[in-house]
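Visitor: Structure for the following, please:
(one chain, ligands or ions: 1)
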Amino acid sequence: MGLLQNGQWVDQWYATEENGGKFVREDAQLRHWVTADGQAGPSGDAGFVAEAGRYHLYVSLACPWAHRTLIFRELKQLQSLIDVTVVEAHMRENGWEFANAVDGKIGQHIAGAQADPLHQKDFLYQIYQLAKPHYNGRVTVPVLWDKKTNTIVSNESSEIIRMFNTAFNDITGNTLDYYPQALQPQINQLNEFIYEKINNGVYRCGFATSQAAYEEAYDALFSALDTIETRLSTKRYLLGDSITEADWRLFTTLIRFDNVYVGHFKTNRNTIESMAYISDYLRDLYQQPGIATTVNMDHIKQHYYFSHQQINPTQIVPAGPDIDFLRPHNREQLMTSTSHPQG
Ligand SMILES: N[C@@H](CCC(=O)N[C@@H](CS)C(=O)NCC(=O)O)C(=O)O
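Guide: Take a look at the predicted model:
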């Protein structure tokens, strides 16, 4: 894996030395917003009107951040409006690769990965170069591409899901709201806690290069999971009877936890399967309409175990565990009202 320096690809692993062995995630840089009328959003330029067929998503099925965008594309019925390209699961010297890349460096093609249908490029960094010829920074998924102005609208998943939540409502007629005004302060607070300690917390465990940095992240992660476990003992979802954005943001980490993070990132105090409430909650979310189709455990396991050779030099991908996410979850009993949850 690597990054672009003044638009040139350089193969380089994360630098943790300057932070005492701690992994610090770089902020996303491309932050325009698609809006219903094309007005500027909270950051970036105006001009990105929500239109059918105009935008394209580049994702990895392995990546928890990209996974959020795929979930919102399902929940908000955007499948026919926004097409998707899936990169290869293995990420090596050239970063994220498309299927059939000439000079590709990956181990093997994993079913589900696709060639780039828009520009016939080999690597995702070439898409960044098209949008920003002098780009400096890491080349990450997801990427929301605008076919009309030939540029990247956004490479920040938390903002792409907010766009998907509302911008296309007039076109689809789907007005389900996963970030309702009344709950925004509580959602924001939960997001911050969950991002820091859980979503990014697993990476802070796995990418730490000092014992102290690892243990600090590990303690924060499991103490946060204990807090969530208690919370979910009385509430069906994080904020009560309805699923919100905060649940989906937690989901993409939980679904990867036992299959990857416990082993690969050494987040092994306990599995999610052994936490009674969180594991039922995870299956409840997994069983919501359309969600199972966004989960590809083969891409998830292949990506982490094969791509991070610094962590797993043999590149052997573990055979287990085999978890049945379709088992009953019995979470309906926690509903406080008889109305149906959203989603
Ligand atoms: N802030 C970004 C983070 C995305 C991100 O870090 N994606 C990872 C994959 S899970 C990536 O593409 N990493 C490549 C790299 O860092 O070189 C978002 O949430 O959209």
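
Visitor: who's in contact with the residue nearest the centre of the chain?
Guide: By Cα atoms, centre = their mean, the chain has its centre lying nearest to Trp65, at 1.6 Å. Residues near Trp65 by Cβ atoms under 8 Å, 6 or more residues apart in numbering: Thr140, Val141, Pro142, Ser157, Thr252. Just so you know, the C-beta spots here come from the backbone N, C-alpha and C atoms, and that holds for glycine as well.

Visitor: same thing but at 7 Å, please
Guide: With contacts defined as Cβ atoms under 7 Å, 6 or more residues apart in numbering, Trp65 is in contact with Pro142, Ser157.

Visitor: now swap in Ile272 and tell me
Guide: Contacts of Ile272 by Cβ under 7 Å, 6+ apart are Leu254, Phe257, Asp258, Ile278, Ser279, Leu282.

Visitor: Which secondary structure element is home to it?
Guide: Following DSSP states H and E, there is no helix or strand that holds Ile272.

Visitor: Identify the spatial nearest neighbour of it, chain neighbours not counted.
Guide: Using Cβ to Cβ, 6 or more residues apart in numbering and skipping the chain neighbours, the partner closest in space to Ile272 is Phe257 (4.6 Å).

Visitor: The one you found: how many residues sit nearby?
Guide: 22 (other Cβ atoms under 10 Å).

Visitor: So it: helix, strand or coil?
Guide: Here Phe257 is recorded as helix under DSSP: H, G, I helix; E, B strand; the rest coil.

Visitor: roughly how far apart are it and Thr209?
Guide: According to Cβ to Cβ, to the nearest Å, Phe257 stands 22 Å off from Thr209.

Visitor: ok, and does the strand or helix carrying Lys301 reach over to the ligand?
Guide: For Lys301, the element it lies in under DSSP H and E is helix 297-307. No: for a cut-off given as Cβ under 6 Å from any ligand atom, helix 297-307 has no contacts with the ligand; the smallest distance is 8.1 Å.

Visitor: buried ones in that helix?
Guide: Applying a neighbour-count criterion of 16 or more other Cβ atoms under 10 Å, one finds Met297, His299, Ile300, Lys301, Gln302, His303, Tyr304, Tyr305, Phe306, Ser307 buried in helix 297-307.

Visitor: How about the first one, nearest residue that isn't a chain neighbour?
Guide: It stands for Met297. Distances taken as Cβ to Cβ, 6+ apart place Asn259 nearest to Met297, at 5.9 Å, with adjacent residues excluded.

Visitor: per-residue confidence for the one you found?
Guide: Listed pLDDT for Asn259 reads 98.

Visitor: burial measure for it, as a count.
Guide: Neighbour tally, Asn259, other Cβ under 10 Å: 21.

Visitor: Now do it against the ligand, distance only.
Guide: Applying Cβ to the nearest ligand atom, to the nearest Å, the value for Asn259 to the ligand is 15 Å.

Visitor: Could you pull up the contacting residues of that residue?
Guide: Contacts of Asn259 by Cβ under 7 Å, 6+ apart are Met297, Ile300, Lys301, Pro321.

Visitor: Equivalent analysis for Met275, please.
Guide: By Cβ under 7 Å, 6+ apart, the neighbours of Met275 are Leu225, Glu229.

Visitor: Could you rerun that using 10 Å?
Guide: Phe222, Leu225, Asp226, Ile228, Glu229, Leu232, Leu254, Phe257, Tyr281, Leu282 (Cβ atoms under 10 Å, 6 or more residues apart in numbering).
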